[in-house]
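1. here's my sequence, what's the structure:
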Amino acid sequence: MFPSSVLSITWPRFHPRRYLHLVRASGLYDLLLTVGFATPWTLAWLLPQLSALNQALGGQAFPAFEPLHALFCQLMGSLVTVWSLLRLWRPQIHLGRFDAAARALFSLWMALAWWQTQAPLLLVFLLPEMLWGLSQAWPIRSADQ
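-> Numbering: from 1, shown residues only. Below is the predicted model of the structure:
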């Protein structure tokens, strides 16, 4: 059996106001990273840059994108851009919690894609995604503490 002192360890918790700053910061991070995926014109510029970066990190060039691939990139970019703007405009605790859940899913799918492709660029995106998700899932103090 564990001594009761081990079971009663309390982790440091975010102050609610500081947590809202974190939600806003994650929105800004997402906006900067995904706005380029939102339109056909920015995506056409961004994909060769990402492919070159993947190659510089030791990976393969990206395969040619067909219109259907581009559509899914643009849908993701548009959705995350709007989601980012919402968190910048009105950061709220429940939005941070939902974002943590979304980041867990994004991280899972990125890890699976990395496992299948070994594309080093995915690791560049995966680590911050996991850290943002963990930080937004972290406990928050009650308002009276």
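2. now the helices for the protein?
-> 4-7, 16-34, 40-56, 67-89, 93-117, 120-137 (DSSP state H).
3. and residue 81, what does it touch?
-> Shown in contact with residue 81 (CB atoms under 8 Å, 6 or more residues apart in numbering): 30, 31, 34, 35, 38. For the C-beta atoms, the positions are set from N, CA and C on the backbone; glycine is no exception.
4. about what we covered before: and the helices of the chain as CSV, adding mean pLDDT?
-> Shown next, in CSV, are these (pLDDT from 0 to 100):
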stretch, mean pLDDT
helix 4-7, 50
helix 16-34, 97
helix 40-56, 98
helix 67-89, 97
helix 93-117, 98
helix 120-137, 98
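5. follow-up on the earlier one: which single one of the contacts of residue 81 is nearest to residue 120?
-> Taking CB to CB as the measure, residue 120 lies nearest residue 34 of these, at 19.7 Å.
6. tell me, how many residues neighbour the residue lying closest to residue 76 once chain neighbours are set aside?
-> Among residues not flanking residue 76 along the chain, residue 37 sits closest, at 6.0 Å (CB to CB, 6 or more residues apart in numbering). Residue 37 has 22 neighbouring residues, counting by other CB atoms under 10 Å.
7. for residue 80, same thing?
-> 20.
8. from the centroid of this structure, which residue is nearest?
-> residue 129 (3.8 Å; CA atoms, centre = their mean).
9. now that residue: how far from residue 114?
-> Separation of residue 129 from residue 114 (CB to CB, to the nearest Å): 11 Å.
10. with residue 42 instead?
-> 24 Å.
11. residue 130 too?
-> 12 Å.
12. buried residues of stretch 108-116, list them for me.
-> 110, 114 (16 or more other CB atoms under 10 Å).
13. tell me how far it is from the chain's mean position?
-> Mean-position distance between stretch 108-116 and its chain equals 14 Å (CA atoms, centre = their mean, to the nearest Å).
14. residues in contact with it: which ones?
-> With CB under 8 Å, 6+ apart as the test, stretch 108-116 has contacts from 119, 122, 123, 125, 126, 129.
15. repeat that with 6 Å
-> Stretch 108-116 has contacts (CB atoms under 6 Å, 6 or more residues apart in numbering) with 122, 126.
16. I am finished for the moment; much appreciated.
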